[in-house]
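Participant: Below is the sequence, then the predicted model.
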Amino acid sequence: PETEIRKGLAGVVADTTAISKVNPETNSLMYRGYPVQELAEKCTFEEVAYLLWHGELPTGEQLEAFQNFERSQRHLDAGTRRVIDELPLSAHPMDVVRTAVSVIGAVDETLTDSASMIDADLNMQRSLTLMAKLPAIVAYDQRRRRDLELVEPRDDLSYSANFLHMTFGEVPDLVVVSAFDVSMILYAEHSFNASTFTARVITSTLSDLYSAVTGAIGALKGPLHGGANEAVMHVLEEVGTADRAEAWLETALAEKRKIMGFGHRVYKNGDSRVPTMKAALETLVAKFDRPDMMELYDALEMAMTSRKNIKPNLDYPSGPAYNLIGFDTDMFTPLFVASRVTGWTAHIMEQAAANALIRPLAAYSGVEERHIS
Ligand code: CMC
């Protein structure tokens with residue numbers, strides 16, 4: 001019988017995972033059993049990172065120890081900074097963050113042999129260290145592009161407050177910190193998406209965590225995946241104003257363009273993270289008095305729903321939210337990296353703990369056997 005080929009591995013169940021459950025029928029996403037909306041409402045990003053890695057929410061004492069370590073690792077070391085400084089200001093921030101993670105891996109002295117590369121305790125420590133350092137990398141890159149000095153981390157601030165402080169040189173209003181923290185929680189984990197699967201493939205060869213994260217960053221960069229939050233902003237800027245949304249969409253669809261921020265491989269009836277992120281966006285719109293942004297957002301969503309019945313995904317509300325917070329558009333996907341590194345590393349550790357080399361087959365479609373005459 002002819003081999004069935006599932007292009008893009010669509011619908012293929014590749015392994016089990018205990019980290020998150022995506023249920024398209026009920027339009028839900030759960031991290032370790034908790035609905036993501038509930039986590040976004042009641043927890044901090046630090047608590048969610050702990051949950052993803054350890055399987056349970058932390059007790060007060062566990063959280064304190066976790067936060068103390070995270071806060072002690074926020075510094076951008078001189079070596080990584082020097083490498084970033086060598087990169088042109090025109091480098092895409094995703095290339096900068098990919099390079100920086102690679103450098104952190106290259107100088108990790110605990111990577112001594114093949115056993116230490118996949119050691120569970122060391123990997124847990126490396127995961128938390130990467131989570132702690134990514135804000136410094138992203139913030140520094142944003143600042144150097146604006147010709148501003150590096151801001152040192154503050155260990156009296158939460159993850160999100162410190163991230164924004166290091167980026168903008170001040171701690172913004174609580175509304176802004178909360179909206180940002182919600183986005184970090186919602187982006188943290190999403191089962192076997194392309195970048196996470198990439199990380200698992202790399203880990204399955206018994207390679208190290210930094211190599212897996214570096215590869216995952218490469219996968220996330222593409223506009224069909226994480227690059228969409230950046231692309232959404234370009235779309236909204238192209239549309240311009242709410243009254244132009246319908247006509248713009250008509251032309252874009254006629255040109256067979258994919259509308260960024262809409263559609264999903266798994267959710268065909270709406271992305272469960274969108275209402276929570278949209279509510280966070282609305283708080284930012286109110287804070288910065290930008291009703292025009294919300295009108296534009298609603299107009300394009302309405303046009304897309306009535307024209308194609310394709311619903312927004314998380315990148316649709318998070319793009320304009322990051323814009324209102326003040327990030328450059330091409331910094332949006334690195335923000336996704338800072339969050340998703342928690343999910344990636346949870347999967348890296350899960351893969352390493354019960355490993356099987358990931359190595360599928362291909363049906364050959366080239367020329368039949370031939371010989372050099
Ligand atoms: N704009 C226009 N048409 C679309 C879109 C879209 N955004 N999404 C799906 N369609 C159409 C698609 O062209 C196809 O039409 P037809 O049957 O006439 O060829 C139909 O809907 C079914 O789509 P599909 O190609 O089977 O969907 P897929 O599962 O291969 O693609 C997707 C999923 C996310 C790649 C796609 O929806 C897309 O390109 N969206 C825009 C990029 C985007 O927002 N990506 C973020 C994904 S979610 C968060 C993340 O990972 O970062």
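Facilitator: Cool, the structure landed.

Participant: Now name the helix or strand holding residue 22.
Facilitator: strand 20-23 (DSSP states H and E).

Participant: One more: residue 250?
Facilitator: Counting by DSSP H and E, residue 250 is part of helix 245-254.

Participant: coming back round to it: within its sheet, name the partner strands of the strand holding residue 22 and how each one runs.
Facilitator: Sheet pairing for strand 20-23, assigned by DSSP bridges, gives strand 28-31 (antiparallel).

Participant: what element comes up after the partner strand heading to the C-terminus?
Facilitator: With secondary structure assigned by DSSP H and E, strand 28-31 is succeeded by strand 34-35.

Participant: In the next helix or strand after that next one, which of the residues would be classed as buried?
Facilitator: Scanning forward in sequence from strand 34-35 by DSSP H and E, the next helix or strand is helix 36-42. Neighbour-count burial for helix 36-42 flags 36, 37, 39, 40 (criterion: 16 or more other CB atoms under 10 Å). Any C-beta I mention is one placed from the backbone N, CA and C, and that applies to glycine too.

Participant: Pull out the buried positions in the helix holding residue 250.
Facilitator: Those would be 245, 246, 248, 249, 252, for helix 245-254 by 16+ other CB under 10 Å.

Participant: how about the CA coordinates for it, as CSV?
Facilitator: Extracted in CSV, the C-alpha atoms of helix 245-254 (Å, rounded to 0.1, in the frame of the first residue of the first chain):
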residue,chain,number,x,y,z
ALA,A,245,-9.6,47.6,7.0
GLU,A,246,-12.2,46.1,4.7
ALA,A,247,-10.8,47.4,1.4
TRP,A,248,-7.2,46.6,2.5
LEU,A,249,-8.2,43.0,3.3
GLU,A,250,-10.1,42.6,0.0
THR,A,251,-6.9,43.5,-1.9
ALA,A,252,-4.6,41.4,0.3
LEU,A,253,-6.7,38.3,-0.1
ALA,A,254,-7.0,38.9,-3.8
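
Participant: right, quick check: the helix or strand that comes right after it against the ligand, any contact?
Facilitator: Next in sequence after helix 245-254, counting helices and strands by DSSP H and E, comes helix 274-287. No - Helix 274-287 stays clear of the ligand (CB under 6 Å from any ligand atom), getting no nearer than 10.2 Å.

Participant: Pull out the buried residues from the following helix or strand past helix 274-287.
Facilitator: Per DSSP H and E, the first helix or strand lying C-terminal to helix 274-287 is helix 291-308. With burial defined by 16+ other CB under 10 Å, the residues of helix 291-308 counted as buried are 293, 294, 296, 297, 299, 300, 301, 303, 304.

Participant: Equivalent analysis for stretch 353-370, please.
Facilitator: Result for stretch 353-370 [16+ other CB under 10 Å]: no buried residues.

Participant: What of stretch 71-89?
Facilitator: For stretch 71-89, the buried set under the neighbour-count rule, 16+ other CB under 10 Å, comprises 71, 73, 74, 76, 80, 81, 83, 84, 87.

Participant: Next step: those residues restricted to helices.
Facilitator: By the criterion of DSSP state H, membership of those in helices covers 71, 80, 81, 83, 84.
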